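Engineer: build me a model from this:
(4 chains)
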There are 4 protein chains.
Amino acid sequence: MKINNYVDISTIDKEAKKDYVDRHSPFIYCDEKMEKGKKSMVKVQVGKEYSHPDDFDHYIDKVELYDGDRLLAQAHVPAGTLGNQSEQLEVYFSVVPTKKKLKLSALAYCTKHGVWQSGETVVEVV
Amino acid sequence: MKINNYVDISTIDKEAKKDYVDRHSPFIYCDEKMEKGKKSMVKVQVGKEYSHPDDFDHYIDKVELYDGDRLLAQAHVPAGTLGNQSEQLEVYFSVVPTKKKLKLSALAYCTKHGVWQSGETVVEVV
Amino acid sequence: MKINNYVDISTIDKEAKKDYVDRHSPFIYCDEKMEKGKKSMVKVQVGKEYSHPDDFDHYIDKVELYDGDRLLAQAHVPAGTLGNQSEQLEVYFSVVPTKKKLKLSALAYCTKHGVWQSGETVVEVV
Amino acid sequence: MKINNYVDISTIDKEAKKDYVDRHSPFIYCDEKMEKGKKSMVKVQVGKEYSHPDDFDHYIDKVELYDGDRLLAQAHVPAGTLGNQSEQLEVYFSVVPTKKKLKLSALAYCTKHGVWQSGETVVEVV
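Structural biologist: Numbers count the residues shown, from 1 in each chain, chains lettered A, B, ... in the order given. Just a heads-up that it's a prediction; the model follows:
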């Protein structure tokens, strides 16, 4: 299996390709700085400008959140939870940082188009 | 295996028992009403007044969110994500209701004390 | 959510009900005795005399294996892995017993008919 | 996060490195040919000549089996299931092939050393 890596869609010409890349890519939303030993929330959202179908035979089945190579959390979402309509899946996970930096990245899995990896989000821990 | 069902801790006398029940129980937080076909967030939090350890040999390994008997979402969280300290695990899942009512309940699994079920939260969908 | 408990189908009259109960129930297959500290395989099979569909909107999404209240392993199987035909899902997990007895039970989750629990299989560990 | 790809350990000089690569790598065992529409079992085993610890803070938390980019099955195994001793995790998944070929690969996740990908096993479907 291969990992599809996120590409900034402003560098892509064709509209269909922009849509294809964006709707499959997980995006990470969180504070730029976190406090050491304090719980923070990290959001993983699949699709930023475009939305992915939630059809029974074509949906986002899971997302994973990593700090470097360490799995922080994984969510499995069966088809239908997003109403069988085009939506951006969102999951927030609680995280307590204990090191100086978090290097967050996420994976999303589409049942038709495989595994997609986000860019890396570095969080300073103070 | 058995499912431990949530008990209102105000009905429990002993402090240790209150703590034990509360810190293992998943609680659901969401809007009382949701809009049909519109994405809403539902939070599952483990522990309301007390916190559970996040030790390697004793932690909350997963939570599940159901609408009636239908699984909406599941999260797996390995030990250490909450900093190996006592914390309330929190996960938010996006949900799009398509029926008149949601009957939400949640499960939490502790690696030492098994599976715990929340009470039911009924959401009116308008 | 409720847990549907396995019922011996020889006690059920109607054929449709026999089929319904059997095809959703997880069954455990393993040695009656296991050796302490030695790896053994435990099979969880969904359905014994009947088979469950593997349709995109109706399939067995996951199975879990417990020893008492302790989760030994969980498998998630998306629709289509069983060829979109009626089949009995089978998963084998490796287990190393360290106590005198295993009290094995399993859960299966059907995306239309919820969670089903097996009977208990007691394994003597020598 | 990065994916560590399997390397044939006969090409590695240092014993410690052979052990490190082998004990983290998932290996696929199945028939070379499968029958279309007929259920077959595919084994994912982590480690071939070496074994991985099953310590609470260091264990193989999950394995995934793919056909090309399609997830066939995933197993989560908490620490302790392998008796907290060095073992090769084994999971068998039932699979019904419907195409001319399966291109099987597997991922394994170690809580300390990240994600590891197997080589590809091509199965002819007749």
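Engineer: contact partners for residue A:84?
Structural biologist: A:54, A:55, A:56, B:98 (CB atoms under 8 Å, 6 or more residues apart in numbering or on different chains). (C-beta placed from N, C-alpha, C; glycine too.)
Engineer: spell out which parts of chain A neighbour chain D.
Structural biologist: A:1-3, A:61, A:66, A:68-71, A:105, A:107, A:109, A:111-115, A:117 (CB under 8 Å from any CB of the partner chain).
Engineer: out of those, which are buried?
Structural biologist: A:1, A:3, A:61, A:66, A:69-71, A:105, A:107, A:109, A:111, A:113-115, A:117 (16 or more other CB atoms under 10 Å in any protein chain shown).
Engineer: now the residue of chain A found nearest chain C. Nearest residue, chain neighbours left out?
Structural biologist: Nearest to chain C, among the residues of chain A, is residue A:56, at 3.9 Å (CB to the nearest CB). The shortest distance from residue A:56 to any residue other than its chain neighbours is 3.9 Å, reached at residue C:56 (CB to CB, 6 or more residues apart in numbering or on different chains).
Engineer: residues contacting the one you found?
Structural biologist: Residue C:56 makes contact with A:56, A:57, A:79, C:79, C:80, C:84 under the criterion CB under 8 Å, 6+ apart.
Engineer: and the fourth one, how many residues sit next to it?
Structural biologist: What it means is residue C:79. Counted with other CB atoms under 10 Å in any protein chain shown, the neighbours of residue C:79 add up to 22.
Engineer: try the fifth one
Structural biologist: Other residues within reach of residue C:80, judged by other CB under 10 Å, total 19.
Engineer: the residue nearest to residue A:6 when sequence neighbours are not counted: what's it in contact with?
Structural biologist: The shortest distance from residue A:6 to any non-neighbouring residue, by CB to CB, 6+ apart, is to residue A:25 (4.6 Å). By CB under 8 Å, 6+ apart, residue A:25 lies in contact with A:6, A:46, A:47, A:48, A:108, A:116, A:118.
Engineer: angle of whichever helix or strand residue A:61 is part of against strand C:60-67?
Structural biologist: Using DSSP states H and E, residue A:61 maps to strand A:60-67. With axes from the mean of the first three to the mean of the last three CA atoms, to 10 degrees applied, the angle from strand A:60-67 to strand C:60-67 works out at 50 degrees.
Engineer: and strand A:60-67, what does it pack against?
Structural biologist: strand A:40-46, strand A:70-76, strand A:90-95, strand A:101-110 (3 or more CB pairs under 8 Å, 6 or more residues apart in numbering or on different chains; DSSP states H and E).
Engineer: what pLDDT does the residue most central in space within chain A get?
Structural biologist: Residue closest to the mean C-alpha point of chain A, counted by CA atoms, centre = their mean, is residue A:26 at 2.5 Å. On pLDDT, residue A:26 comes in at 98.
Engineer: against residue A:109, how distant is it?
Structural biologist: 10 Å (CB to CB, to the nearest Å).
Engineer: list residues touching both of these two?
Structural biologist: Joint contacts of residue A:26 and residue A:109 (CB under 8 Å, 6+ apart) are A:63, A:116.
Engineer: contacts only, for residue A:105.
Structural biologist: Each residue near residue A:105 by CB under 8 Å, 6+ apart is listed here: A:28, A:65, A:66, A:117, A:118, A:119, A:120, A:121, D:1.
Engineer: name the nearest of those relative to chain B.
Structural biologist: residue A:65 (8.8 Å).
Engineer: so that closest one makes contact with residue A:74?
Structural biologist: Yes - at 7.5 Å, residue A:65 and residue A:74 qualify as touching, with contact defined as CB atoms under 8 Å.
Engineer: more neighbours: which of these two?
Structural biologist: More crowded of residue A:65 and residue A:74, by other CB under 10 Å: residue A:65, with 29 against 25.
Engineer: of the contacts of residue A:25, buried ones?
Structural biologist: Counted by 16+ other CB under 10 Å, the contacts of residue A:25 give A:6, A:46, A:47, A:108, A:116, A:118 as buried.
Engineer: near chain C, which residues of chain A show up?
Structural biologist: A:56, A:57, A:61, A:76, A:78, A:79, A:80, A:111.
Engineer: at 7 Å what do you get?
Structural biologist: Proximity of chain A to chain C (CB under 7 Å from any CB of the partner chain) is limited to residues A:56, A:57, A:61, A:76, A:78, A:111.
Engineer: now the two most distant members of the residues you listed.
Structural biologist: Longest distance between any two of these is 16.8 Å, between A:57 and A:76; criterion CB to CB.
Engineer: related to what we said a few turns ago, strands - which of the contacts of residue A:105 land there?
Structural biologist: When the contacts of residue A:105 are checked against strands (DSSP state E), the matches are A:28, A:65, A:66, A:117, A:121.
Engineer: closest to residue A:18 out of the residues you listed?
Structural biologist: The closest of the ones in strands among the contacts of residue A:105, once distances to residue A:18 are taken by CB to CB, is residue A:117, at 17.7 Å.
Engineer: now the closest one: how far from residue B:77?
Structural biologist: 20 Å.
Engineer: what angle do strand B:70-76 and the strand holding residue A:61 make with each other?
Structural biologist: Using the same axes, to 10 degrees: strand A:60-67 against strand B:70-76 is 20 degrees.
Engineer: could I have strand A:60-67 exported to PDB, CA atoms only?
Structural biologist: Provided in PDB are the C-alpha atoms of strand A:60-67 (Å, rounded to 0.1, in the frame of the first residue of the first chain):
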ATOM      1  CA  ILE A  60     -13.600   8.000   5.300                       C
ATOM      2  CA  ASP A  61     -13.300   4.900   7.500                       C
ATOM      3  CA  LYS A  62     -10.700   6.100   9.900                       C
ATOM      4  CA  VAL A  63      -8.300   8.800  10.900                       C
ATOM      5  CA  GLU A  64      -5.100   8.600  13.000                       C
ATOM      6  CA  LEU A  65      -3.100  11.300  14.900                       C
ATOM      7  CA  TYR A  66       0.600  10.900  15.400                       C
ATOM      8  CA  ASP A  67       3.300  12.800  17.300                       C
END
